[in-house]
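everything below, folded, please.
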Amino acid sequence: MKTWRRLKEHPELWERYFVREKVIRATRSFFEKEKFHEIETPILIAHPPAESYLDVFETKLLDRKRRVTPAYLSTSPEVPLKKLMAAGLGNCYAITKSFRNMETDSHLHNPEFTILEWYRTGADYFDIMNDCEKLLIAIAGGTSLTYQGQKINLTVPWERITVADAFKKYAGVNFDDFFSIKNAKKIIRQKGYTVEENTTWEQLYNQIFLNEVEPHLGHGKPTIVYEFPGELAALAKKKESDPRVAERFEFYIEGLELGDAYSELTDPVEQEARFKKELAELKRLGKTTYDYDHDFIDALKVGLPKCSGIAVGIDRLVMLLADTTDIADTLFFPAKEEFPLPEKP
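Down below sits the predicted model:
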């Protein structure tokens with residue numbers, strides 16, 4: 001049954017969907033008090049950020065003579081915000097639609113979703129951790145909430161644990177050993193996971209993190225897991241004292257991943273090298289390929305100030321506050337209703 005029909009027959013459900021407007025209103029109020037600028041960023045773009053773990057939506061831009069220019073739907077407002085910060089914008093945030101392909105048939109994903117990103121100048125990832133704690137309390141309207149029958153204590157500070165400590169605690173894996181792909185494959189095989197000749201280090205990592213670490217995070221109190229592997233740095237700055245890890249964190253409540261943050265990489269040479277590496281990986285994986293955003297590299301050359309930022313899924317925040325386990329229950333028009341999966345033969 002389509003959502004609009006369900007709402008017609010069960011008007012008591014409207015309150016659950018109205019949680020979204022409360023979350024967005026509280027979010028805007030929080031950043032207004034913090035004196036952040038709200039920015040509208042483009043949805044139709046020429047160059048998505050080069051991130052091999054994402055699948056993009058590709059389209060065509062036609063001029064009046066129907067000449068074709070490749071175009072894409074934005075996966076994140078990150079690059080436009082950083083360009084403006086290089087121009088001197090300062091602290092900023094965006095609440096916008098973003099699009100990521102191949103994210104159907106999941107209770108935690110929708111290919112069209114609402115994302116919140118904010119960036120604080122002169123800050124590192126520990127400052128963004130503090131922002132997250134304050135924002136969630138502002139949205140929840142207090143220091144506690146209940147999700148799926150479990151009371152969550154939002155009182156600061158939240159639990160903080162490194163990826164290395166989490167691997168040791170929940171999976172019994174010494175992360176120093178895991179950095180070697182040879183050792184990682186050995187550890188994965190010993191645990192009974194599937195390993196093929198072309199299995200990447202990232203895939204090995206995800207098998208343990210997603211299956212043995214993530215389910216333990218954020219129960220009773222939010223968990224911030226930080227210092228992710230440098231291999232997964234994307235646009236994040238690597239830690240100077242140990243470049244094997246990045247200044248990156250994610251935060252969880254009741255096993256639900258809500259945000260991904262890092263100290264931002266400001267070096268144009270390293271960023272361009274990472275983009276080229278990611279584009280080569282996209283090609284190897286047979287995904288949609290495209291050129292990276294050279295204008296963004298130019299912006300980094302002009303100078304992105306020291307800063308840190310985070311992407312938070314608004315839809316997942318609504319899931320949390322509406323006490324539902326399915327992202328479709330937060331959307332008036334979820335993709336699975338608009339584009340139902342074909343029936344299995």
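
alpha carbons only for contacts and neighbour counts from here, please
Noted.

quick check: most distant residue from the centroid of the chain.
Among the C-alpha atoms of the chain, the one most distant from their mean position (Cα atoms, centre = their mean) is that of K65, at 38.4 Å.

name the SS class of that residue, please.
Following DSSP: H, G, I helix; E, B strand; the rest coil, we place K65 in the coil state.

gap between it and E58?
K65 is 20 Å from E58, where distance means Cα to Cα, to the nearest Å.

strands along the stretch 151-300 of the chain, start to end?
Counting by DSSP state E, counting those that start in this stretch, the stretch 151-300 of the chain has these strands, from start to end: 159-162, 223-226, 248-253, 256-263.

just so I know, which of these lies nearest E51?
When the strands of the stretch 151-300 of the chain are compared by Cα to Cα, strand 256-263 sits nearest E51, at 14.1 Å.

which strands and helices lie in contact with that closest one?
helix 125-140, strand 248-253, strand 307-313, helix 314-322 (3 or more Cα pairs under 8 Å, 6 or more residues apart in numbering; DSSP states H and E).

packing partners of the lengthiest strand in the chain?
Using DSSP state E to assign secondary structure, the strand with the most residues in the chain is strand 112-121. For strand 112-121, the packing partners by 3+ Cα pairs under 8 Å, 6+ apart come out as strand 92-99, strand 307-313, helix 314-322.

of all those, which one comes closest to T3?
For the helices and strands packed on strand 112-121, distance to T3 was read as Cα to Cα. The smallest value, 15.9 Å, belongs to helix 314-322.

which other residues reach the closest one?
When contacts are defined by Cα atoms under 8 Å, 6 or more residues apart in numbering, helix 314-322 is touched by residues 16-17, 19-20, 23-24, 108, 113-116, 140, 145, 147, 256, 258, 325-327, 329-331.

could you redo the last one with a cut-off of 7 Å?
Contact with helix 314-322 is made by 16, 19-20, 23, 113-116, 147, 258, 325, 327, 330, as judged by Cα atoms under 7 Å, 6 or more residues apart in numbering.

neighbour-wise, which one of these leads?
Highest neighbour count within those: T330, with 24 neighbours (other Cα atoms under 10 Å).

coming back round to it: and the residue farthest from the centre of the chain, backbone torsions?
Recorded main-chain torsions at K65 are phi -100, psi 10, according to degrees, to the nearest 10.

which residues of the stretch 201-345 of the chain score low on pLDDT?
In the prediction, the stretch 201-345 of the chain carries residues with pLDDT under 70 at positions 343-345.

and the helices in it, which stretches?
Listed in chain order, the helices of the stretch 201-345 of the chain (DSSP state H, counting those that start in this stretch) span 201-208, 268-285, 294-303, 314-322, 335-338.

give me whichever of those helices is most buried.
The highest mean neighbour count among the helices of the stretch 201-345 of the chain belongs to helix 314-322 (a mean of 24), with neighbours defined as mean count of other Cα atoms under 10 Å.

got the CA coordinates for that helix in CSV?
Provided in CSV are the C-alpha atoms of helix 314-322 (Å, rounded to 0.1, in the frame of the first residue of the first chain):
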residue,chain,number,x,y,z
ILE,A,314,18.6,13.5,8.3
ASP,A,315,16.4,10.5,7.5
ARG,A,316,18.2,8.4,10.0
LEU,A,317,17.9,11.1,12.7
VAL,A,318,14.1,11.0,11.9
MET,A,319,14.2,7.2,12.3
LEU,A,320,15.7,7.6,15.7
LEU,A,321,13.3,10.3,16.9
ALA,A,322,10.3,8.6,15.3
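
sorry, back to before: ok, so of the contacts of helix 314-322, who is nearest K221?
Using Cα to Cα, Y147 is the member of the contacts of helix 314-322 that lies nearest K221, at 11.3 Å.

quick one, what contacts the closest one?
Contacts of Y147 were listed using Cα under 7 Å, 6+ apart, and they are 320, 323.

for it, give its distance to I253.
According to Cα to Cα, Y147 and I253 sit 9 Å apart.

name the nearest residue to Y262, ignoring sequence neighbours.
If you skip the residues right next to it in sequence, Y262 has R248 as its closest partner in space, 4.0 Å away by Cα to Cα, 6 or more residues apart in numbering.

so that neighbour touches L265, yeah?
No. At 10.9 Å, R248 and L265 do not qualify as touching, with contact defined as Cα atoms under 7 Å.

the two: which is more packed in?
Ranked by neighbour count (other Cα under 10 Å), R248 and L265 place R248 first, with 31 against 22.

mind checking how far that one is from L235?
For R248 relative to L235 (Cα to Cα), the value is 10 Å.

out of the strands of the stretch 151-300 of the chain, which is closest to F31?
That would be, of the strands of the stretch 151-300 of the chain and by Cα to Cα, strand 256-263, which comes in at 16.6 Å.

could you export that closest one as PDB, CA atoms only?
Coordinates of the C-alpha atoms in strand 256-263 are reproduced here as PDB (Å, rounded to 0.1, in the frame of the first residue of the first chain):
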ATOM      1  CA  LEU A 256      22.600   2.900  13.800                       C
ATOM      2  CA  GLU A 257      25.300   4.800  12.100                       C
ATOM      3  CA  LEU A 258      24.200   8.500  12.000                       C
ATOM      4  CA  GLY A 259      27.200  10.500  10.800                       C
ATOM      5  CA  ASP A 260      30.700  10.400   9.200                       C
ATOM      6  CA  ALA A 261      33.200  13.100  10.100                       C
ATOM      7  CA  TYR A 262      36.800  14.100   9.600                       C
ATOM      8  CA  SER A 263      39.500  16.700   9.800                       C
END
